[in-house]
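1. Just a sequence and a predicted model for now, questions to come.
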Amino acid sequence: MRQKIRDLYVHSSLAAKIRVSYLILLIPVTAFVVFAFFILWRGNQSYSDMLESVVTASEFSLDFKKDYDYETYLVIVENKTPEESELNSLLGEAGRVITGLEALTTGKENQERLRGVKKYLENLRTYQSRIEENLREGDRYDDNIEIWENDVQIVTALIQDTVSQYIYYEIRDLERSKAEFEHVYLRMLQMIILIFLLIVAVIAALSYMIPRSISRPIRTLSQVTEQVARGDLTVRSDIQAGEEVTALSDSMNTMIDKINELLDQVKEEQIHLRKAEFQLLQSQINPHFLYNTLDAIIWLAEGGHQKQVVHMVGSLSEFFRTSLNQGKDIITVREEMQHARSYLEIQQMRYQDILRYEIVVAEELMDCLIPKITIQPLVENALYHGIKNKRGLGTIQISGIREGNLAILQVNDDGIGMEEERLERVREGIRNHAPTDSGIYGLYNVNERIRLNFGEEYGITIDSTYGKGTSIRICLPWSEND
C-alpha cells in the first residue's frame with residue numbers, strides 16, 4: 001500500500017504535488033483557526049455584552065431619586081407647572097436606559113430586576129397624573145403631599161436600590177467571565193504552541209521531500225539543454241517523473257529533432273515573408289472605385305454618351321493594365337504616370353464640376369524606377385480628403401524633377417487641407433510605422449513600400465495648411481530602367 005502511494009506521488013504532476021502539500025498544511029491550520037476564532041468570538045461577545053450593560057446602567061443617573069422627588073415637590077407647591085417641570089424628561093431618560101439594558105442582559109435575575117424597574121416607572125407616571133389632576137381641582141395640597149411622601153419617594157427609592165443591585169450583579173458576572181476567558185486563553189496558548197511545533201515538523205519534512213522530487217528531474221533536463229546549447233544535437237532526454245516534466249522531456253527530444261530543419265528553413269521563410277509583405281502592401285485597389293466607375297459607365301451609356309463611355313472604358317482598361325502589369329512590383333515613372341492619368345481621367349468624368357488636374361513631370365524622370373501604385377493612392381487621398389471637402393473647383397497637380405541622385409515627385413492639391421494637430425498625427429503615424437486611423441492608411445502604405453524597396457532614407461513627407469491645400473513629396477533614388 002505504501003509503495004502504491006509512493007509511486008502515485010512520484011508520477012503525479014507538479015501541480016498535484018504542490019496541492020497535496022498545501023492541503024496537508026491547510027487542513028489542521030484551518031481547523032485550528034476556525035476553532036480558536038469561535039472560542040475567542042464567543043468569549044469576547046459575552047464579555048463585551050456584560051461590559052456594555054454595566055456602562056449603560058451607569059448612565060442611569062445616580063441622582064434620579066433626588067431629582068425626581070425635588071421636581072415633584074416643586075410641582076405640588078406650584079412653584080413649577082407640570083409642563084415646566086422635568087418629570088417627563090427624567091422618566092423618559094430612565095425608560096431609555098432600562099430598554100437598552102434589556103437588549104444586553106442575559107442573566108434571568110437581572111432581567112427580572114429590569115422588569116421591576118419598568119413597573120416602578122409606570123407607577124411614577126400614575127402618581128404624576130394623580131398629582132396633576134389634584135392640582136386642576138384645587139385645594140388638594142394635603143392629598144398631593146401624601147402621594148409624594150408615601151408613594152413617590154418610596155418608589156424612587158426602590159428604583160435606585162434595584163438599579164444598584166443590577167450593577168452589582170453585572171460586575172460580579174463580568175469578573176467571573178473574565179476569569180473563565182483567561183483560563184480559556186491559557187489553554188488556547190498551549191494548543192497554539194503544540195500545533196505550531198507540529199506544523200514546523202511537517203513543513204521541515206515537506207521542504208525536503210517535495211523540492212527534491214521536483215528539482216531532480218529538472219536538473220537532469222537542464223544538463224540535456226546545456227549539451228544542446230554546446231551544439232551536441234545527438235543527446236536525448238529520458239525522464240519519467242511527473243506529467244509536466246515527462247511532457248517537457250518529450251518536447252525537448254522533438255525540438256532537438258527539428259532544430260536542424262528549422263535552421264535551414266529560417267532564411268527561406270524570411271524571404272517568403274518579405275515577399276508576402278510586399279504583396280500585401282501593394283494590394284490596395286479600392287473595390288468601391290471599380291463599382292462607382294462601372295455605375296458611371298452605365299449612366300453614360302443610358303444617357304447616350306457613347307464617346308464618353310468609350311473614353312472611360314479605355315481609361316479603366318489602362319488603369320487595370322498598369323495595376324496588374326504581369327505581377328511586377330517595380331515599374332517606370334512613365335508607367336506610373338499613365339496609371340495615375342487613367343485614374344484622374346475617370347474621376348474627372350465623374351467629378352467634372354469640381355476636379356481639374358495637371359501632370360508636369362520632367363522627361364528625364366520617365367525611365368526612373370518606382371514601386372507600382374505609388375501615385376494613385378496619393379491622388380485618391382487628395383481627391384477624397386482635400387478637393388471634395390471644399391466648395392468649388394479644385395486642382396490636383398503631379399510634378400517631378402531630379403535633384404542630384406534623387407528623383408522627387410510631388411502631389412499637390414488646393415483642397416481643404418489639414419489643421420496643425422491632425423497634420424502632426426499623420427506625420428507621427430507615418431514616422432512611427434503606426435497609422436492612427438484608416439484615413440492615412442494609403443499614405444502609410446506608399447511610404448512603407450518605398451522604404452521596403454529602396455531603404456529607410458527614402459519615402460514621403462507631407463505639408464498642409466488648413467484652407468489652402470496639401471503637398472506630398474516623394475523621395476526616390478535615381479535609378480534608370482535598364
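-> Great, that's in hand. Residues are numbered from 1 along each chain as shown.
2. From now on I want contacts and neighbour counts done on CA atoms only, so please keep to that.
-> Noted.
3. what about the closest residue to Thr81 other than its chain neighbours, helix or strand, and which?
-> Distance criterion C-alpha to C-alpha, 6 or more residues apart in numbering; nearest residue to Thr81, sequence neighbours excluded, is Val75 at 5.8 Å. Taking DSSP states H and E as the criterion, Val75 maps to helix 64-76.
4. Residues in contact with that helix: which ones?
-> 80-82, 85-87, 90, 128, 131, 135, 141, 144-145, 148, 152-153, 156-157, 160 (C-alpha atoms under 8 Å, 6 or more residues apart in numbering).
5. Give me the subset of those lying in helices.
-> Among the contacts of helix 64-76, the ones falling in helices (DSSP state H) are 87, 90, 128, 131, 135, 141, 144-145, 153, 156-157, 160.
6. Which PyMOL command selects the buried ones in the contacts of helix 64-76?
-> Command for PyMOL, covering only those of the contacts of helix 64-76 found buried under the criterion 16 or more other C-alpha atoms under 10 Å:
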select buried, resi 82+85+86+87+90+128+131+135+144+145+148+152+153+156+160
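7. mind listing the strands for this protein?
-> 330-332, 355-361, 369-371, 394-403, 406-413, 459-465, 469-477 (DSSP state E).
8. Which strands border the last one, and is each parallel or antiparallel?
-> Within its sheet, and counting by DSSP bridges, strand 469-477 is paired with strand 406-413 (antiparallel), strand 459-465 (antiparallel).
9. quick one: average confidence on the longest one?
-> In this model, strand 406-413 carries a mean pLDDT of 94.
10. contacts for it?
-> By C-alpha under 8 Å, 6+ apart, the residues outside strand 406-413 that reach it are 361, 365, 368, 375, 378-379, 382, 386-387, 394-402, 469-478.
11. hmm, back to that, which of the strands of the chain has the highest mean neighbour count?
-> Scoring those by mean neighbour count under mean count of other C-alpha atoms under 10 Å gives strand 369-371 as the most buried, with a mean of 24.
12. quick one: it to chain centroid distance?
-> 47 Å (C-alpha atoms, centre = their mean, to the nearest Å).
13. And stretch 368-378, by the same measure?
-> That offset, for stretch 368-378, works out to 45 Å (C-alpha atoms, centre = their mean).
14. what does it contact?
-> 282, 323, 328-333, 336-337, 339-340, 343, 407, 411, 442-443, 446, 449-450, 453, 472, 476, 478-481.
15. are any of those buried, and which?
-> 282, 323, 329, 331-333, 336-337, 339-340, 343, 407, 411, 442-443, 446, 449-450, 472, 476, 478.
16. Counting neighbours, what do you get for Gly415?
-> The tally of other residues near Gly415 (other C-alpha atoms under 10 Å) stands at 28.
17. Same check on the one 3 residues further on?
-> Number of residues near Met418 (other C-alpha under 10 Å) recorded here: 20.
18. Excluding sequence neighbours, find me the nearest residue to it.
-> Nearest one to Met418, counting by C-alpha to C-alpha, 6+ apart, is Tyr466 at 4.6 Å.
19. State whether the one you found and Ile416 are indeed in contact, as I suppose.
-> Yes: under the criterion of C-alpha atoms under 8 Å, Tyr466 makes contact with Ile416 at 6.0 Å.
20. Look at these two and report which has more neighbours.
-> Neighbour count, other C-alpha under 10 Å: between Tyr466 and Ile416, Ile416 has more, with 22 against 15.
21. Quick check: that one touching Lys468?
-> Yes: shown here, Ile416 and Lys468 form a contact pair, counting by C-alpha under 8 Å, at 6.1 Å.
22. how close does the closest residue to Asn453 other than its chain neighbours get to Arg334?
-> Closest residue to Asn453 apart from its sequence neighbours, by C-alpha to C-alpha, 6+ apart: Pro371 at 7.5 Å. As judged by C-alpha to C-alpha, to the nearest Å, Pro371 and Arg334 stand 12 Å apart.
23. Likewise for Asp250?
-> According to C-alpha to C-alpha, Asp250 stands 60 Å off from Arg334.
24. go on, Gly417?
-> On the measure of C-alpha to C-alpha, Gly417 and Arg334 end up 28 Å apart.
25. Out of those two, name the residue with the larger neighbour count.
-> Gly417 (24 against 17).
26. Quickly note the distance from the more buried one to Tyr444.
-> Computed as C-alpha to C-alpha, the Gly417 to Tyr444 distance reads 18 Å.
27. any idea how far the residue nearest to Asn453 lies from Ile359?
-> Look at Pro371 and Ile359: by C-alpha to C-alpha, they are 18 Å apart.
28. circling back to that earlier point, would you check how far apart the residue nearest to Asn453 and Phe319 are?
-> Distance, Pro371 to Phe319, by C-alpha to C-alpha: 15 Å.
29. can you check Leu114 too?
-> Counting by C-alpha to C-alpha, the gap from Leu114 to Phe319 is 105 Å.
30. With Asn381 instead?
-> 17 Å.
31. now do Thr254
-> 52 Å.
32. Have a look at the two and say which one is more surrounded.
-> Phe319 (22 against 12).
33. and the more buried one, what does it touch?
-> Contacts of Phe319 by C-alpha under 8 Å, 6+ apart are 338-340, 342-343.
34. same thing but 6 Å
-> 339, 342 (C-alpha atoms under 6 Å, 6 or more residues apart in numbering).
35. Quick check: the gap between it and Asp161.
-> According to C-alpha to C-alpha, Phe319 stands 113 Å off from Asp161.
36. burial of the closest residue to Val117 other than its chain neighbours, as a residue count?
-> Once flanking residues are discounted, Val117 sits nearest to Ile159: 5.7 Å by C-alpha to C-alpha, 6+ apart. Applying other C-alpha under 10 Å, we find 23 residues neighbouring Ile159.
37. repeat for Leu452
-> Neighbour number of Leu452 under other C-alpha under 10 Å is 15.
38. and if you look at the one 3 residues further on?
-> Other residues within reach of Gly455 by the criterion other C-alpha under 10 Å amount to 13.
39. same deal with the one 3 residues further on?
-> In terms of burial, Tyr458 registers 18 neighbours under the definition other C-alpha under 10 Å.
40. Please, where are all the helices along the stretch 251-400 of the chain?
-> Remark: helices assigned in the stretch 251-400 of the chain by DSSP state H, counting those that start in this stretch are 287-302, 306-324, 333-350, 375-382.
41. how about the ones you listed in CSV, adding mean pLDDT?
-> Listed next are the helices of the stretch 251-400 of the chain as CSV, based on pLDDT from 0 to 100:
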stretch, mean pLDDT
helix 287-302, 68
helix 306-324, 72
helix 333-350, 88
helix 375-382, 89
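42. Take the ones you listed and write them to CSV, including distance to Arg427.
-> Shown next, in CSV, are the helices of the stretch 251-400 of the chain (distance: least, C-alpha to C-alpha, whole Å):
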stretch, distance to Arg427
helix 287-302, 26
helix 306-324, 27
helix 333-350, 24
helix 375-382, 15
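43. Sort out which residues of the helix holding Val75 are buried, please.
-> Quick answer for helix 64-76 (16+ other C-alpha under 10 Å): 64-65, 67-69, 71-73, 75-76.
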